[in-house]
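Novice: Compute the structure for the input listed below.
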Amino acid sequence: SGNIRLDDDSPYIDLIGRIGESEIENLPAFLPLQTHSRFMTWAPNALLGGQLTSGDLVFRGKANAFPFRDDQGTFKALLNIADATINYEEGWPYVDKLTAEVIMDNDDISITASSGYVFDAHIDRVSAHIHDISRGEQHITIDGDLSGHTSNLPLFIMQSPLKENPDLYDFAQMHIAGNFELGIKLDVPLGDGLTAVDGSIRFTNTMFESNMPGLGLTNMNGEIKFSRDAAWGENISALYHGNPVSITIPFDDEDDGRSTFVVNGEADKVFIIQQLGSFFPELLNQKHSFFDYFQGGSNWSVSIESYRDESDQQYRDILIESPLRGIEIMLPEPVGKNATATRSLMVKANMAGSRINKIDFEYDDQVFTNMYVDNSEDFKINRIEVDLGKDYAPDTALDADIVIRGELQELDLGDWFEFFNNESTA
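Specialist: Alright, predicted model coming up:
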């Protein structure tokens with residue numbers, strides 16, 4: 001109902017209307033001014049299906065003054081949509097079965113959803129806004145929360161530009177079981193330009209199984225934050241082989257295609273053996289393991305940096321560190337120590353897929369050991385080099401399976417001869 005007054009410069013419209021059921025594709029037609037704005041180009045590709053179930057609108061003002069500025073008039077429409085499919089940005093997953101309220105307020109549009117899905121993840125809350133439809137560089141800003149089973153997360157990552165984020169790409173390759181909550185903010189240009197991303201993933205009692213042998217986490221609780229290019233998190237708690245650990249994903253905004261995460265914990269001898277055995281299978285399956293001479297427990301950390309080459313071959317740089325404080329090593333000097341002493345241990349390796357070619361041990365900046373591995377024979381160690389003394393630099397290569405060389409101020413060979421003699425007769 002309403003009336004139109006024909007003034008000299010432009011008709012004055014005073015209208016209150018009710019809108020009946022219609023297809024959602026007709027939604028842009030309810031804007032009083034049909035322009036060639038980016039919104040009008042975006043809308044036909046974004047509104048893929050669904051129903052406009054009802055609506056009401058008010059228009060008061062001169063027709064040529066729309067869009068109204070400085071209180072020159074009023075235009076407002078309230079529309080209800082149901083079972084809608086929205087392609088808000090090419091290359092991102094669709095929103096399906098959306099039920100929402102759309103408010104057109106002068107030259108702005110706001111959308112508030114009460115229900116919907118992305119894959120099988122439920123939309124708990126989402127709002128979207130487009131400002132200044134008739135002018136300027138229009139953007140749609142989206143702020144929403146999803147929840148569901150973690151099987152939806154790899155789908156969301158791999159079917160969106162987030163797959164270019166190396167942290168999230170590696171995350172999507174893991175086997176994940178549990179529930180999650182995803183919060184995400186998108187700033188989508190209705191034209192040229194990249195969509196800006198600000199998001200977070202919260203896990204509750206979630207299980208992760210990496211494609212690295214033995215690297216699995218249970219009861220994971222915490223939050224990972226992410227942008228389009230990076231992901232980061234700290235104080236994420238989990239259980240690793242039944243032991244409490246803390247996980248950190250360092251923030252790194254360098255576009256180098258690398259992802260890193262760090263696991264910290266405290267464990268006894270048995271756990272440390274399991275930890276090394278997880279990354280280096282068969283290393284400890286010897287008649288007498290080096291760890292037979294360990295007693296006690298200490299803090300430790302594992303850092304794993306992943307990257308891929310042009311053929312999508314995955315590589316990992318692995319660093320295991322421990323101060324060994326609290327651990328007694330019952331070996332002759334310079335390796336042996338009592339439980340109260342601190343001696344740094346670092347174990348380094350590079351993995352190409354599941355293959356390890358070399359493992360480096362550094363102990364107390366005095367003992368440096370390189371183990372060369374034959375992956376073709378079930379992780380057979382075919383060469384060991386031991387360098388003693390931090391200032392020793394070998395100038396020649398020796399052709400032998402086991403090489404021990406170096407310079408130390410003091411080394412009691414008698415203790416070591418007695419040790420090896422006892423080992424050979426054990």
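Novice: tell me the secondary structure for the residue most central in space within the chain?
Specialist: Nearest to the geometric centre of the chain sits L168, at 3.5 Å (C-alpha atoms, centre = their mean). Secondary structure assignment for L168 (DSSP: H, G, I helix; E, B strand; the rest coil): helix.
Novice: list the contacts for it?
Specialist: I157, L162, F226, A231 (C-beta atoms under 8 Å, 6 or more residues apart in numbering). Just so you know, the C-beta spots here come from the backbone N, C-alpha and C atoms, and that holds for glycine as well.
Novice: how about 6 Å then?
Specialist: I157, L162, A231 (C-beta atoms under 6 Å, 6 or more residues apart in numbering).
Novice: What about the residues you listed, which are in helices?
Specialist: In this view, the contacts of L168 that belong to helices under DSSP state H are I157.
Novice: Let me know the closest of the contacts of L168 to Y372.
Specialist: Taking C-beta to C-beta as the measure, Y372 lies nearest A231 of the contacts of L168, at 34.8 Å.
Novice: ok so, going back, how about the contacts of L168 in a markdown table, adding distance to T248 and neighbour count?
Specialist: A markdown table is the format used below for the contacts of L168 (distance: C-beta to C-beta, whole Å; neighbours: other C-beta atoms under 10 Å):
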| residue | distance to T248 | neighbour count |
| --- | --- | --- |
| I157 | 20 | 23 |
| L162 | 21 | 24 |
| A231 | 12 | 25 |
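Novice: got TSV for the contacts of L168, with pLDDT and distance to Y307 too?
Specialist: Shown next, in TSV, are those (pLDDT from 0 to 100; distance: C-beta to C-beta, whole Å):
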residue	pLDDT	distance to Y307
I157	95	18
L162	94	18
A231	92	15
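Novice: Can you add distance to T150 and give the contacts of L168 back as CSV?
Specialist: Compiled in CSV, the contacts of L168 are given as follows (distance: C-beta to C-beta, whole Å):
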residue, distance to T150
I157, 11
L162, 15
A231, 16
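Novice: now, which of the contacts of L168 sits nearest S151?
Specialist: Nearest to S151 among the contacts of L168, with distances taken as C-beta to C-beta, is I157, at 11.9 Å.
Novice: pLDDT score for the closest residue to that closest one other than its chain neighbours?
Specialist: Leaving aside its sequence neighbours, I157 sits nearest to A172 (C-beta to C-beta, 6 or more residues apart in numbering; 4.3 Å). Model confidence at A172, expressed as pLDDT, equals 89.
Novice: what does Y240 give?
Specialist: Y240 is given a pLDDT of 85.
Novice: contacting residues around it?
Specialist: L217.
Novice: in the sheet, who's paired with it?
Specialist: N243 (DSSP bridges).
Novice: how far away is it from E223?
Specialist: Separation of Y240 from E223 (C-beta to C-beta, to the nearest Å): 19 Å.
Novice: Show the residue spans covered by the helices in the stretch 251-400 of the chain.
Specialist: All helices of the stretch 251-400 of the chain, identified by DSSP state H, counting those that start in this stretch, fall at 269-279.
Novice: just for it, where's the confidence low?
Specialist: 271-291, 375-379, 391-398 (pLDDT under 70).
Novice: cutoff 80 now
Specialist: Applying pLDDT under 80 to the stretch 251-400 of the chain flags residues 253-257, 267-292, 353-355, 357, 374-382, 390-400.
Novice: in it, which spans are strands?
Specialist: Using DSSP state E, counting those that start in this stretch, the strands of the stretch 251-400 of the chain run over 259-268, 294-308, 314-322, 327-329, 345-352, 355-363, 367-374, 380-388.
Novice: for the stretch 51-200 of the chain, same thing?
Specialist: 74-86, 95-105, 108-118, 121-130, 139-149, 175-189, 196-209.
Novice: The longest one: partners in the sheet, and parallel or antiparallel?
Specialist: If you go by DSSP bridges, strand 175-189 pairs up with strand 139-149 (antiparallel), strand 196-209 (antiparallel).
Novice: contact partners of the first one?
Specialist: Just to be clear, that refers to strand 139-149. With C-beta under 6 Å, 6+ apart as the test, strand 139-149 has contacts from 118, 120-130, 181-189.
Novice: What is the burial count for the residue lying closest to Y372 once chain neighbours are set aside?
Specialist: Leaving aside its sequence neighbours, Y372 sits nearest to R383 (C-beta to C-beta, 6+ apart; 4.1 Å). Other residues lying near R383 total 15 when counted by other C-beta atoms under 10 Å.
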